[in-house]
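K.L.:
Build me a model:
(chains A and B)
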Amino acid sequence: MPIIEATNLVKKYPKPDNNSEFFAAVDGISLSIEAGEIFGILGPNGAGKTTTLEMLEGMNDIDEGEAYIDGIDVRKYPHEVKKIIGVQLQANEYFDHLSLIELLDLFGGLYSSRNLDPDALLGLVDLTDKAKAKPANLSGGQRQRFSIACALVHEPKVLFLDEPTTGLDPQAKRNLWDLAKNLNNKGTTIVLTTHNMEEAEALCQRIAILDHGKIVAQGEPQELILRYAKEPPTAPLHGSIEDVFLALTGHGLRD
Amino acid sequence: MTSRAFHLAKVFLRMFLRDRQAMFLSLLFPVIFMSVLVFMNRDGDPIEINVANQSRSEIAAEFVKALDENPLFEVIKGEEEALKKKLTEGDATLVLVIPKQFDDAANATELGVFVDAAEVRLLGLIMPTLEKALLAIERKLRHTEPMFSLRVEDVQSRSQGPLDFLLPGILAFTLMQISIAGSGFNIVEYRRKGILKRLFVTPIKPSEFIAAICMARLVWCLLQLTALLGFAVFLLDVNIRGSFASLYLLIVLGTIIFLCIGFAVGSLAKTQQAVGAIGSLVIFPQVFLAGVFIPIELLPEIIQPVSQLLPLTPVVNSMREITNNGASLVEIMPTLFGVGVWIVISFAVATRLFVWKEVVN
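P.N.:
Model prediction:
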């Protein structure tokens, strides 16, 4: 039973050079995402990944098509949808003057979630010792993990992550993958966007590749590799340069 | 009102109160302004008058005594030559020389007044008083009574200094400024940082967000204006004749108007700089035209109707009626009605301009 069901989503924006004409940033996208999956939306910049996500989240009007999350019509009840999803945005700035614990408490209050344990949540994302810190004093990776903690205050059924590892160093990136897998093992469905192919392969059970607002391929990473990467490369004798980097600098987090 | 709005309002208030710098800075101007006013209007130091009395007559002594008793003057006695030297060296403003023949003989006597002409303003103050003192002595010598006198009476029989007039203006001006900045700057900052978007991926509704920020800013403004009012009443001795309850009601209503206007400004502006510019466009004309510092009656007649159309005008007028004349709410119904009209207008404009999808995205 799919938890997210989207059919022929279309989003049109005025053309930047000519406001009277429109172009489709998202052009007829259909997605069916199973409960318990980690689903990756891949594509180059401007392919329509974030817009697709925003339409599913009820943050952006759906011009055409329909979307259901856990059986709730996103167009009719965006407010209800927001109660069962957690969202991590690309921008992760927060109010000044509030500590991590206070911010978690703030977001918990917005969901009226009663059994919120901010300390446990900070422990989950490895930020226990930063409870009293301000977000401005966190490193990039810490901020990303805190962002995810904020999205988890109400134990959402679906977690949306918009380019969660962009700008992170390899240690922080791998740490975030572990966090995502960990959450997924506990039953959270995760939908993420990325333009990192390795991330898609390492993390996602299924992926959809977007280009110019359309899905050009969809399926399990191995299946897509067999279908589209026709000449399988010979197995490399050695690892990648990232393996070199990690071997020399260690897997420990640097923030 | 939902628990979500109250929850968010509490968080906002905690944030606003932690921003000590903003609280301090927004009160700095009105406090300095009021203090300067008080300083300028207090009785100045007595002006030094150097007197070389060469006469031994009783009348001359009485004249010097009369000058000495005038609170405006401080009389310093000395020899003519020494005092003139002091004058040329710039250490004295005026030297008065009373000649030997200054006595009750009925002939005209010339007193020598030596001045530093550069001190024009000071001389303008001294000369009439000197002449008045001489006239009094002349009358005494000739045994005549003054024919005319002026009796100045305040029909409201109260003492009102310039600060008593200005306090409601300063209060209203401060509440306008901190309210517009309070809501306007927040909106633009939160939108620019993506915080608005982050908030609206949660189930909070726009109306709850507006209510929360207004409640928090209202409490914040009340605290600031209370500090200002306390400063004026306890340290500067300003009179509040009406009830504090009425005054606070006006403060609350005025704050709501300008928070809404701030929301409108924040919705229009794309950047912090733009908020500042649009905010100034709203604030500055009102400083001059709404009767804040200059009574509307003193403005050119063509402009006066414009003044009546500004949102700050009914707020200032109501507050001034309360603080200066002790008016009750019933007595200020007309201006209170104006305040009510502006609450409706500003709320409508704010919600119109706060187009949600555009503000968030």
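K.L.:
Listing request: residues of chain B with sub-threshold pLDDT.
P.N.:
B:1, B:41-45, B:104-107, B:120-121, B:152-160, B:355-361 (pLDDT under 70).
K.L.:
give me phi/psi at the residue nearest to residue B:229 when sequence neighbours are not counted?
P.N.:
Excluding the flanking residues, the one nearest residue B:229 by C-beta to C-beta, 6 or more residues apart in numbering or on different chains is residue B:171, at 6.8 Å. Backbone N, C-alpha and C define where each C-beta goes, glycine included. Here is the backbone geometry of residue B:171 (degrees, to the nearest 10): phi -60, psi -50.
K.L.:
and if you look at residue B:304?
P.N.:
Dihedral angles (degrees, to the nearest 10) for residue B:304: phi -50, psi -40.
K.L.:
got it, and residue A:12?
P.N.:
Dihedral angles (degrees, to the nearest 10) for residue A:12: phi -110, psi 140.
K.L.:
ok, now which ones touch the residue lying closest to residue A:111 once chain neighbours are set aside?
P.N.:
Leaving aside its sequence neighbours, residue A:111 sits nearest to residue A:154 (C-beta to C-beta, 6+ apart; 3.7 Å). The contact partners of residue A:154, taken as C-beta atoms under 8 Å, 6 or more residues apart in numbering or on different chains, are A:83, A:86, A:108, A:111, A:113, A:116.
K.L.:
so the fourth one sits right up against residue B:204, yeah?
P.N.:
No: taking C-beta atoms under 8 Å as the contact criterion, residue A:111 and residue B:204 are not neighbours in contact, 9.1 Å apart.
K.L.:
my read: the residue nearest to residue B:229 touches residue B:319, true?
P.N.:
Yes: applying C-beta under 8 Å as the test, residue B:171 and residue B:319 come out as touching, 6.2 Å apart.
K.L.:
shared neighbours, these two?
P.N.:
residue B:251.
K.L.:
so where's the stretch 1-150 of chain A uncertain?
P.N.:
Where the stretch 1-150 of chain A is concerned, nothing drops into low confidence, which here means pLDDT under 70.
K.L.:
what's around residue 79, how many residues?
P.N.:
The chain I'm using is chain A. 12 (other C-beta atoms under 10 Å in any protein chain shown).
K.L.:
that answer is for a different chain, and I need it for chain B
P.N.:
The burial count for residue B:79: 11, using other C-beta under 10 Å.
K.L.:
quick one, what contacts it?
P.N.:
Counted by C-beta under 8 Å, 6+ apart, residue B:79 has contacts residue B:52.
K.L.:
Enumerate every residue touching the residue nearest to residue B:229.
P.N.:
B:225, B:228-229, B:251, B:319.
K.L.:
Give me the distance between it and residue B:252.
P.N.:
12 Å (C-beta to C-beta, to the nearest Å).
K.L.:
do the same with residue B:350
P.N.:
Using C-beta to C-beta, one gets 17 Å for the distance from residue B:350 to residue B:252.
K.L.:
quick check, the helix or strand that contains residue A:101 touching chain B?
P.N.:
In the assignment (DSSP states H and E), residue A:101 maps to helix A:100-110. Yes: using C-beta under 8 Å from any C-beta of the partner chain, we find that helix A:100-110 touches chain B at A:102, A:105-107, A:109-110.
K.L.:
Among those residues, which one is most surrounded by other residues?
P.N.:
residue A:107 (26 neighbours).
K.L.:
Tell me which residues touch that one, please.
P.N.:
With C-beta under 8 Å, 6+ apart, residue A:107 has these contacts: A:150, A:153, B:202.
K.L.:
Now, these that are in helices?
P.N.:
Secondary structure assignment (DSSP state H) places residue A:150 from the contacts of residue A:107 within helices.
K.L.:
Dump the contacts of residue A:107 to a markdown table, plus neighbour count.
P.N.:
A markdown table is the format used below for the contacts of residue A:107 (neighbours: other C-beta atoms under 10 Å in any protein chain shown):
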| residue | neighbour count |
| --- | --- |
| A:150 | 26 |
| A:153 | 23 |
| B:202 | 23 |
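K.L.:
Just name the closest of the contacts of residue A:107 to residue B:81, please.
P.N.:
residue A:150 (86.6 Å; C-beta to C-beta).
K.L.:
Wait, that closest one touches residue A:103, no?
P.N.:
Yes: taking C-beta under 8 Å as the definition, residue A:150 is a contact partner of residue A:103 at 6.6 Å.
K.L.:
so what does the lengthiest helix in chain A touch, helix or strand wise?
P.N.:
If you go by DSSP H, chain A has its longest helix at helix A:170-185. Packed against helix A:170-185 by the contact rule (3 or more C-beta pairs under 8 Å, 6 or more residues apart in numbering or on different chains; DSSP states H and E) you find strand A:38-42, helix A:140-151, strand A:189-194, helix A:197-203, helix A:241-249.
K.L.:
Which of these sits closest to chain B?
P.N.:
helix A:140-151 (7.8 Å; C-beta to the nearest C-beta).
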